[in-house]
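Asker: quick one: sequence and predicted model below, then my questions.
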Amino acid sequence: MTSGLYGLTFAELEQRLRSEGLKSIHARSLWSWLYRGKSPEQFPAPLKRWWEAQELGNKSGGKVRQEWQSSDGLTRKWLLDLSDGESVETVLMRFSGRWTACVSSQVGCAMGCVFCATGQAGFTRHLGPEEIVDQLRHVQAYLEAEALGRLRNVVLMGMGEPLHNYEAVMQALEIVTDRRGMNLGPGNITLSTVGVIPGIRRMAEEQRPYHLAVSLHGAREEIRSALVPVSRRWPLDELIEACRFYGERTERRIFFEWTLIEGANDSLEQADELAELLQGIPAHINLIPLNPTSAYAGQATSCGPVQAFKGRLKERGYVCTVRQRRGIDVAAGCGQLRGGEGVGRL
Ligand code: SF4
């Protein structure tokens, strides 16, 4: 029960308090309570009276239905309850001594990528801004309770397509990057899209200060469409044009994600086609050997061909990394989130 306060930007909170007879300065005190643990005992009397009437109970983010930890201890995954009985998964991972949260933006996903457990389950609904903020509050509360330090990076690569839920995602990011509150660095936040062209263009036009990751998986339309059906709606050539536009407008490098599937998109010919396709775009290519899901029979590319693919892209002048795998034993890897009862162990 948070009365929607965690879904408001600072300006909206200020406006709400003013409309209820309070002053702008009270918004600062309330914002500190919401995001910085300031005690209500320190509130000025009018705000305290207002606050007592609100029943603003739960301060720790979503209620946990289930949680898992990977056997190497580097990944933790939570299934969080939503108020309507739905649930989403949120993942916390440790990379090079830093914590990264992987956040969901929808219950399910409408994009239907064939190798993804979320896509296989279909779309249920968008998350509201508060439900996205709640995931990060939950992660922060966990890190604080365990004295594990601060959350550094956020990726919107959990359940859902963030640019299919543009308004709510941008609102949530505005809230969590507010310096007076959670103060997450916009430059440490990455949105991952499967190629929602209107959202990419809009991010560029609005000069949103976050990183963009585009999931390609194929450098030729027929290969990509077989893996990412939404490519029929937003074709590859138009997607690349939108990426060019984004790169020119923002002068920011784009991360291109490529799930490597044995025999499907892992040939050196595909690496060459990818290199051609991205010419002139400031790019960082992330290679992700396929993570297993029950409804897709494809296999991950093995180590040798992964290195060969990477080597070819490097020869062609691209910055290219192979994504470190995290949380596969608890189904917390890329494409494995499904928001159900899941698998794994605590
Ligand atoms: S990979 Fe991303 S966009 Fe594709 S179905 Fe899964 S959650 Fe949706």
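Answerer: Looks like it came in fine. Fair warning: this is a prediction, and the values are worked out from it, not measured in the lab. Numbering: from 1, shown residues only.
Asker: the ligand contacts on this protein?
Answerer: Counting by Cβ under 6 Å from any ligand atom, the chain comes close to the ligand at 109, 111-113, 116, 118-119, 159-161, 194, 335. Just so you know, the C-beta spots here come from the backbone N, C-alpha and C atoms, and that holds for glycine as well.
Asker: near Ser71, how many other residues are there?
Answerer: Applying other Cβ atoms under 10 Å, we find 12 residues neighbouring Ser71.
Asker: what's the closest non-adjacent residue to it?
Answerer: Asp329 (5.4 Å; Cβ to Cβ, 6 or more residues apart in numbering).
Asker: in three-state terms, label that neighbour for me.
Answerer: Going by DSSP: H, G, I helix; E, B strand; the rest coil, the secondary structure assigned to Asp329 is helix.
Asker: what about it, how many neighbours?
Answerer: Neighbours of Asp329 (other Cβ under 10 Å): 16.
Asker: equivalent analysis for Ser39, please.
Answerer: 8.
Asker: just to check, it is in contact with Ser29?
Answerer: No: contact between Ser39 and Ser29 fails when scored by Cβ atoms under 8 Å: they sit 10.2 Å apart.
Asker: buried ones in stretch 7-16?
Answerer: 7-10, 12-14, 16 (16 or more other Cβ atoms under 10 Å).
Asker: Serialize the residues of the chain next to the ligand to a markdown table and add fields for secondary structure and neighbour count.
Answerer: Shown next, in a markdown table, are those (DSSP: H, G, I helix; E, B strand; the rest coil; neighbours: other Cβ atoms under 10 Å):
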| residue | secondary structure | neighbour count |
| --- | --- | --- |
| Cys109 | coil | 28 |
| Met111 | coil | 23 |
| Gly112 | coil | 15 |
| Cys113 | coil | 22 |
| Cys116 | coil | 26 |
| Thr118 | helix | 27 |
| Gly119 | helix | 27 |
| Met159 | coil | 27 |
| Gly160 | coil | 30 |
| Glu161 | coil | 28 |
| Val194 | coil | 28 |
| Gly335 | coil | 23 |
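Asker: and the two most separated of the buried residues of stretch 7-16?
Answerer: Based on Cβ to Cβ, the longest span within those runs between Gly7 and Glu14 and measures 14.6 Å.
Asker: quick check: phi and psi at the nearest residue to Val88 once chain neighbours are set aside.
Answerer: Once flanking residues are discounted, Val88 sits nearest to Ser104: 4.1 Å by Cβ to Cβ, 6+ apart. Note on Ser104: its backbone torsions stand at phi -90, psi 150 [degrees, to the nearest 10].
Asker: residues contacting Ser104?
Answerer: For Ser104, the contact set (Cβ atoms under 8 Å, 6 or more residues apart in numbering) comprises 88-90, 127, 132, 135, 158-160, 337, 339.
Asker: mind listing which of the residues you listed are in strands?
Answerer: Counting by DSSP state E, these place 88-90 in strands.
Asker: buried subset of those?
Answerer: Buried among these by 16+ other Cβ under 10 Å: 88-90.
Asker: what's near enough to touch the residue of the chain found nearest the ligand?
Answerer: Closest to the ligand within the chain is Gly119: 2.6 Å, counting by Cβ to the nearest ligand atom. Residues in contact with Gly119, defined by Cβ under 8 Å, 6+ apart, are 109, 111-113.
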